[in-house]
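In: one predicted model, sequence on top.
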Amino acid sequence: DWTPASFIETTVKELKAKLGNDRVVLGLSGGVDSSVAAVLLHRAISKNLTCIFVDNGLLRKDEFQQVLDSYQHMGLNVIGVDASQKFWDDLAGVREPEAKRKIIGRDFIEVFDVEAHKIKDVKWLAQGTIYPDVIESVSVNGPSATIKSHHNVGGLPEKMNLKVVEPLKLLFKDEVRRVGKALDMKPELLGRHPFPGPGLGIRILSDVTPEKVRVLQEADAIFINGLKEWGLYDKVWQAGVMLLPVQSVGVMGDERTYENVVALRAVASTDGMTADWVHLPYEFLAKMSNEIINKVRGINRVVYDISSKPPATIEWE
Ligand code: XMP
């Protein structure tokens, strides 16, 4: 029978045998999968594991520092690299979603490669790939085939000449969370919503600028913290805010404004392959709308996305 405890015992044993005294590098994203993979590997090989966490300038508000702190608390050897400016520079003026994804993926590999090469004699690249990632990348499922290639940092192992180790490859998300719990990881970390690798870069429809990132980070933080305060966060699989490439007229005092529109999105799902929009309480939506419009300069209109997947996707691009 599969239990988290037996999985951990077997996997740690296998990892020890496979990796011996080799050095391993792992890219942390702040998400559940890479974090559980890191803790599991740390159990098996301890200081021979080095983790790299890249700030691509497209993370949630304050996320880089918070995540870095929590990893360090767990005793992991983590290197944090702030590469925001590089990503913003390379994304300047690029509107096409697939082009943005490619740039973000390529920049990530470049930054990661430079840092990983500073680790002497590194032989393995560890990844937090889980079973649905494996399925999604082989299924002909429209754009998600390319989507997941970045998620799994495609091209990286070949470029770096590393062998790949993926200890969670046969698990589903709920099993990963149970393994994390059995590894004593914090519920706040294990309960985190999924977040796309290209981050806010694909939630800014149209070109990315640091100012748009700031606006979206502020709106997103209000929404996510609101969900937590209202006890709704754990009832939702994933939530976020999209910055639309639309401006609309509004009034502020006696002034006419012409500002941006954001869409709030919250979905229920078990694996991200299908999803239903969540019937969030009107009072909550009203509160969020007020707060975002009053507090975030640059936004004068908030809408709520009531589309399910399929035919809509979770992200907008
Ligand atoms: P969609 O938008 O296809 O998303 O319904 C399904 C799940 O995948 C995430 N997603 C991505 N993850 N790179 C990623 O690592 C991407 O380019 C990407 N696009 C979507 C999305 O957040 C959702 O959890």
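Out: Okay, I see it.
In: CA only for contacts and neighbour counts going forward, please
Out: Fine.
In: next SSE after the lowest-mean-pLDDT helix or strand in the chain?
Out: When the helices and strands of the chain are scored by mean pLDDT, DSSP states H and E, helix 144-151 comes last with a mean of 43. Sequence order places helix 156-160 as the next helix or strand after helix 144-151, per DSSP states H and E.
In: could you find the closest non-adjacent residue to the most centrally placed residue in the chain?
Out: Most central in the chain under C-alpha atoms, centre = their mean is Phe195, positioned 3.0 Å from the mean C-alpha point. Nearest residue to Phe195, sequence neighbours excluded (C-alpha to C-alpha, 6 or more residues apart in numbering): Gly31, at 7.2 Å.
In: that neighbour touches Gly197, doesn't it?
Out: No. Gly31 is beyond contact range of Gly197, at 9.5 Å (criterion: C-alpha atoms under 8 Å).
In: more neighbours, those two?
Out: Gly197 (23 against 19; other C-alpha atoms under 10 Å).
In: Three-state assignment for that one, please.
Out: Judged by DSSP: H, G, I helix; E, B strand; the rest coil, the three-state class of Gly197 is coil.
In: tell me the phi and psi of it?
Out: Backbone geometry at Gly197, expressed as degrees, to the nearest 10, gives phi -50, psi -50.
In: return the distance of it relative to the ligand.
Out: Computed as C-alpha to the nearest ligand atom, to the nearest Å, the Gly197 to the ligand distance reads 4 Å.
In: with Glu188 instead?
Out: For Glu188, the distance to the ligand - C-alpha to the nearest ligand atom - is 18 Å.
In: contacting residues around the residue nearest to Phe195?
Out: With contacts defined as C-alpha atoms under 8 Å, 6 or more residues apart in numbering, Gly31 is in contact with 189, 192-195.
In: so which of the residues you listed sit within helices?
Out: Leu189 (DSSP state H).
In: and the closest residue to Met288 other than its chain neighbours, what helix or strand is that in?
Out: Excluding its sequence neighbours, the residue lying closest to Met288 (C-alpha to C-alpha, 6+ apart) is Phe223, at 6.3 Å. Counting by DSSP H and E, the element that carries Phe223 is helix 210-229.
In: so where does Ala263 fall, helix or strand?
Out: With DSSP H and E as the criterion, the answer for Ala263 is strand 255-268.
In: circling back to that earlier point, now do the helix holding Phe223: which elements does it pack against?
Out: strand 238-252, helix 282-295 (3 or more C-alpha pairs under 8 Å, 6 or more residues apart in numbering; DSSP states H and E).
In: so where is the protein shaky, pLDDT-wise?
Out: The model of the chain has pLDDT under 70 over residues 136-155, 157.
In: let's see it at 90
Out: When residues are selected by pLDDT under 90, those of the chain lie in 1, 30, 131-161, 173, 188, 252-253, 270-272.
In: outline the domain layout of it.
Out: 4-190, 203-304 (automatic domain parsing).
In: show the contacting residues for Lys228.
Out: Asp234 are the contacts of Lys228 under C-alpha under 8 Å, 6+ apart.
In: got it, and Ala99?
Out: Contacts of Ala99 by C-alpha under 8 Å, 6+ apart: none found.
In: repeat for Ser84
Out: Ser84 is in contact with 55-58, counting by C-alpha under 8 Å, 6+ apart.
In: out of the residues you listed, who's nearest the ligand?
Out: Leu58 (12.4 Å; C-alpha to the nearest ligand atom).
In: for the closest one, what are phi and psi?
Out: Dihedral angles (degrees, to the nearest 10) for Leu58: phi -130, psi 20.
In: so it touches Leu200, yeah?
Out: Yes. With contact defined as C-alpha under 8 Å, Leu58 reaches Leu200; the gap is 4.9 Å.
In: report the spatially closest residue to Asp207, excluding sequence-adjacent ones.
Out: Closest to Asp207 by C-alpha to C-alpha, 6+ apart is Arg95, at 4.5 Å.
In: just Ser206 next, same as before
Out: In space, Ser206 is closest to Arg95, 4.5 Å off (C-alpha to C-alpha, 6+ apart).
In: okay, now that neighbour: neighbour count?
Out: The number of residues near Arg95, taken as other C-alpha under 10 Å, comes to 15.
In: what distance do you get for it to the ligand?
Out: 15 Å.
In: list the contacts of that residue.
Out: Contacts of Arg95 by C-alpha under 8 Å, 6+ apart are 205-208.
In: residues contacting Pro121?
Out: Let me fix one detail, which is that residue 121 is Asp and not Pro. Per C-alpha under 8 Å, 6+ apart, neighbours of Asp121: 22-23.
In: wait, Lys235
Out: Ala268.
In: any idea how far it is from His279?
Out: Separation of Lys235 from His279 (C-alpha to C-alpha, to the nearest Å): 11 Å.
In: thinking again about what came up before, neighbouring strands - and their directions - for the strand holding Ala263?
Out: strand 238-252 (antiparallel), strand 276-277 (antiparallel), strand 299-304 (parallel) (DSSP bridges).
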